[in-house]
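Novice: Structure for the following, please:
(2 chains)
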Amino acid sequence: MKYCLIVDDSRVVRKVARRILEDLSFEIEEAADGKLALEACKRRLPDVVLLDWNMPIMNGLEFLVELRQWPEGDKPIVVFCTTENDIAHIQAAIGAGANEYIMKPFDSDIIQAKFQQVGLL
Amino acid sequence: MNIDDFNLLAKLIRDRSGLNLTKDKGYLLESRLLPVARQHNLKTLEELTMKLRSRPDNALVRDVVEAMTTNESFFFRDVKPFDQFKGVVLPHLLATKSATRSIKIWSAACSSGQEPYSLAMILKEEKAKLQGWNIDIVATDLSTQILSKAQAGQYAQFEVQRGLPIQYLVKYFKQQGDRWQIDQSIRDMVRFRPLNLLEDFSSLGNFDVIFCRNVLIYFDQPTKTIVLERMSRQLSNDGFLFLGGAETVVGITNKFQTTVNQRGLYQQAGATHKLAGS
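Specialist: Numbers count the residues shown, from 1 in each chain, chains lettered A, B, ... in the order given. So this is what the prediction gives:
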């Protein structure tokens, strides 16, 4: 069973994403900001991170930049999932090492298609 | 909807498009044809069928058939056929067609254009290998309305999220408000044409690859055989046919053969250069 860390400051979004990903047989952990997400990664490195951009304390991009500097930090697949839907944000995310990018709103079809593209399904 | 109205619509749609509507699809008729009825100033489906019986006009008949045959599509649908195209078919064609250096591809029932544009993007990515080659992608659909959308190459956010790798979105699309416009260079690679698969399509010429995915499932058995055998005549001896995941040639025609370990991919029965392992 693949292990997914859902990082989003909205409890509702985390709950919706959890339901979709549990249906796709993922084991789920949640974090409400980038700092808590890094701590979760220290405890156990996920196979995939579903990552919001705008969050308090540490945002998604800052989290990704730091994660990718870790010795094993290139291993998790990182899929952004954010309301930021302009090319500049997408390019910044790819530049920082994101593997895929979902523009909110999302549904199970979109998550499934994106996870399939990066070889998780 | 009463049985006479259902039979009238089912026959009309079948005669014009080959789409085989079973009685359990009555709900589909209602949900798709009510907007058409209103568009033609008819209040109910009963009024629509009455008009079709008494004095049908071409525009109404066309809109009814198009409403029933238009299906959603998405970029790189099912992933695997496009991996097979890039990893198996293209290398094979580069080897077998080096004399003519020409590859002709047909996306049959292309809907809103995602399939031919996905192929165009793959070919663009492989341009180093295709230097000096002539590539032609022809995309056809029964619906002129959906072809206009395909030709425009403009997609909503949800459409570019399902199947399209984000790197391709950045590389080959421009954001225009809440829409995404595919690059002119990709649009220029595809020629769109209206075509009914039930009618003669020999004027399209010969192809090296035919994508006919998720179309045959709507046809009855004899129609599947007719369409596949006519496609075989339009496919070069070493050409390839892609069908959808729920479709097959087995038991329908002997003009094609399956390929080993490549589900959904078929070669001509008499192919000179069979795929390795076939």
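Novice: For residue 2, give me the pLDDT.
Specialist: Because you didn't say which chain, this covers chain A. What the model reports as pLDDT for A:K2 is 97.
Novice: should've been chain B
Specialist: Reported pLDDT for B:N2: 86.
Novice: count of neighbours near it?
Specialist: 10 (other Cβ atoms under 10 Å in any protein chain shown). Bear in mind the C-beta positions are built from the backbone N, C-alpha and C, glycine included.
Novice: Same question for B:D57.
Specialist: Other residues close to B:D57 by other Cβ under 10 Å number 11.
Novice: Next: A:I28.
Specialist: 16.
Novice: now could you export just the CA positions of the helix or strand where it lies as CSV?
Specialist: Take DSSP states H and E as the rule and A:I28 turns out to sit in strand A:27-31. This file holds the C-alpha atoms of strand A:27-31, laid out as CSV (Å, rounded to 0.1, in the frame of the first residue of the first chain):
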residue,chain,number,x,y,z
GLU,A,27,-2.4,5.0,3.3
ILE,A,28,-2.9,8.6,4.4
GLU,A,29,-1.2,11.0,6.8
GLU,A,30,-2.3,14.6,7.0
ALA,A,31,-0.4,17.9,7.8
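Novice: Counting by contacts, list what that strand packs against.
Specialist: strand A:3-7, helix A:11-23, helix A:34-43 (3 or more Cβ pairs under 8 Å, 6 or more residues apart in numbering or on different chains; DSSP states H and E).
Novice: That strand - which strands sit beside it in the sheet, and in what orientation?
Specialist: strand A:3-7 (parallel) (DSSP bridges).
Novice: and the residue sitting nearest the centre point of chain A, what are its bridge partners?
Specialist: What sits nearest the mean C-alpha location of chain A, by Cα atoms, centre = their mean, is A:L50, with 1.9 Å. On the basis of DSSP bridges, A:L50 takes part in beta bridges with A:I6, A:V79.
Novice: in a helix, that's where A:K75 is, yeah?
Specialist: No - counting by DSSP: H, G, I helix; E, B strand; the rest coil, A:K75 is not found in a helix; it is coil.
Novice: which residues touch it?
Specialist: A:L45 (Cβ atoms under 8 Å, 6 or more residues apart in numbering or on different chains).
Novice: Quick check: B:F219 touching B:R14?
Specialist: No - using Cβ atoms under 8 Å, B:F219 is not in contact with B:R14; the gap is 9.2 Å.
Novice: Tell me which of the helices and strands packed on strand A:27-31 sits most buried.
Specialist: Among these, the stretch with the highest mean neighbour count (mean count of other Cβ atoms under 10 Å in any protein chain shown) is strand A:3-7, at a mean of 24.
Novice: got the angle for that strand vs helix A:34-43?
Specialist: 160 degrees (axes from the mean of the first three to the mean of the last three Cα atoms, to 10 degrees).
Novice: which residues touch strand A:3-7?
Specialist: A:14, A:17-18, A:21, A:26-34, A:36-37, A:40-41, A:44, A:46-52, A:55, A:60, A:63, A:76.
Novice: tell me the angle of that strand relative to helix A:11-23?
Specialist: Counting by the same axes, to 10 degrees, strand A:3-7 lies at 170 degrees to helix A:11-23.
Novice: mind checking how far strand A:3-7 is from the chain centre?
Specialist: 6 Å (Cα atoms, centre = their mean, to the nearest Å).
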